[in-house]
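Chemist: What shape does this take:
(one chain, ligands or ions: 2)
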Amino acid sequence: MDTLACSGLTKVYEDKRKALENVTFQVETKGIFGLIGRNGAGKTTLIRILSTELEPTSGTASINGFDILTQEGKLREKIAIVPQEARAIRWMTPKQTVFSYLLWRGYSYGDAKRLADQSLAKLGLQEYANVLNSKLSGGTKRKVLLATVTASEAEVIFLDEPTTGLDPISRRELWDILRTLGKERFIFLTTHYLEEAEQLADRIAILKDGQLVSIGTLSELRKSSRFQYSVKLPPKALVPTIKEAQVTTSTTGITQIMTNEEEAFTLAKSLAEKGVRFSIAPVTLDDIFFSLVGQKARDE
Ligand SMILES: Nc1ncnc2c1ncn2[C@@H]1O[C@H](COP(=O)(O)OP(=O)(O)OP(=O)(O)O)[C@@H](O)[C@H]1O
Ligand SMILES: [Mg+2]
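Modeler: Numbers count the residues shown, from 1 in each chain. Ligands and ions are numbered 1, 2, ... in the order given. Presented below is the predicted three-dimensional model:
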């Protein structure tokens with residue numbers, strides 16, 4: 001089985017800032033893997049290490065059998081990355097961007113031309129192929145960057161916040177592209193949009209202050225979460241006391257009670273008997289994320 005395996009990855013930057021601490025996990029390099037965490041949690045640092053741009057202070061990792069420290073040359077042929085700060089070069093066209101990227105990766109002129117055309121078509125960019133990148137909308141510029149890595153035939157694609165700053169419709173368009181891409185390659189993406197991770201990722205990992213705090217499918221994350229169900233009550237409803245629960249009230253007055261399955265269903269039954277309006281649902285990734293990285297952050 002092809003895997004991405006990290007073992008004890010730790011990164012301390014020169015200024016002694018610990019960006020990653022003993023990160024250890026293994027995932028099959030198939031489908032889409034979503035890495036989430038607050039600003040500064042260490043997502044980009046992890047991507048930079050896995051893509052061989054940065055060496056860890058200690059620990060190691062391998063992707064599909066290639067070690068990041070001892071086989072970085074071979075590994076680089078298998079991976080492609082769109083870094084967090086990447087921007088399409090303004091004075092180039094999408095066609096030139098993808099073509100030159102492929103030449104840089106070592107493809108022959110003919111192959112680069114063929115693969116660039118294929119990739120631009122795949123991403124629906126034909127009509128923009130010869131327009132300057134500077135004239136494209138933000139969403140289309142992102143697609144151009146995706147077209148480069150898609151064109152490359154890399155087995156593993158790292159995308160660091162590919163949809164940040166896009167409008168909801170452009171974001172969904174990119175989701176469709178990523179879903180399709182995720183059927184052919186392994187995509188390792190970071191995001192601040194929890195809905196994005198929930199919608200796209202087959203497996204999700206949560207980083208907090210450089211440490212891995214949870215990893216798995218959404219249902220595995222739910223199972224290992226302290227609370228599995230969320231009951232919501234309308235404003236001014238009498239909030240019952242429950243032993244094992246996390247109770248919060250939003251600014252709109254809606255009370256959310258997160259609790260375990262048994263408590264949630266007992267509560268639902270008694271609310272129904274009293275004729276109180278309520279909703280009950282399994283906890284979302286949003287709920288899990290906030291209960292792991294801290295309710296304080298959510299209130300802020
Ligand atoms: N080159 C660097 N030198 C020193 N410290 C760094 C460097 N790069 C990152 N850091 C620090 O390491 C920590 C992790 O940063 P990183 O960029 O990996 O987080 P992130 O999860 O990608 O954040 P964001 O969501 O804002 O992109 C932060 O405290 C950051 O300030
Ligand atoms: Mg980052």
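Chemist: which residue packs closest to the residue in the stretch 51-200 of the chain that ligand 1 sits nearest to, ignoring adjacent ones?
Modeler: Of all residues in the stretch 51-200 of the chain, the one sitting closest to ligand 1 is residue 84 (5.7 Å; Cβ to the nearest ligand atom). To be clear about C-beta, it is placed using only N, CA and C from the backbone, and glycine gets the same treatment. Distances taken as Cβ to Cβ, 6 or more residues apart in numbering place residue 160 nearest to residue 84, at 3.9 Å, with adjacent residues excluded.
Chemist: count of residues packed around that neighbour?
Modeler: Other residues lying near residue 160 total 22 when counted by other Cβ atoms under 10 Å.
Chemist: before we move on, what about residue 231?
Modeler: That count, for residue 231 with other Cβ under 10 Å as the rule, works out to 23.
Chemist: now do residue 32
Modeler: When neighbours are defined as other Cβ under 10 Å, residue 32 has 23 of them.
Chemist: secondary structure class for residue 142?
Modeler: helix (DSSP: H, G, I helix; E, B strand; the rest coil).
Chemist: Wait, it touches residue 162, no?
Modeler: Yes - using Cβ atoms under 8 Å, residue 142 is in contact with residue 162, at 6.4 Å.
Chemist: Touching the host helix or strand of residue 268 from outside, list them.
Modeler: When elements are assigned from DSSP states H and E, residue 268 belongs to helix 261-274. If you take Cβ atoms under 8 Å, 6 or more residues apart in numbering as the criterion, helix 261-274 is touched by 228-231, 233, 240, 242-245, 257, 259, 278, 280.
Chemist: With stretch 60-68 instead?
Modeler: Residues outside stretch 60-68 that contact it (Cβ under 8 Å, 6+ apart) are 2-9, 29, 49-50, 52, 56, 69, 71-72, 74-75, 78-79, 155-156.
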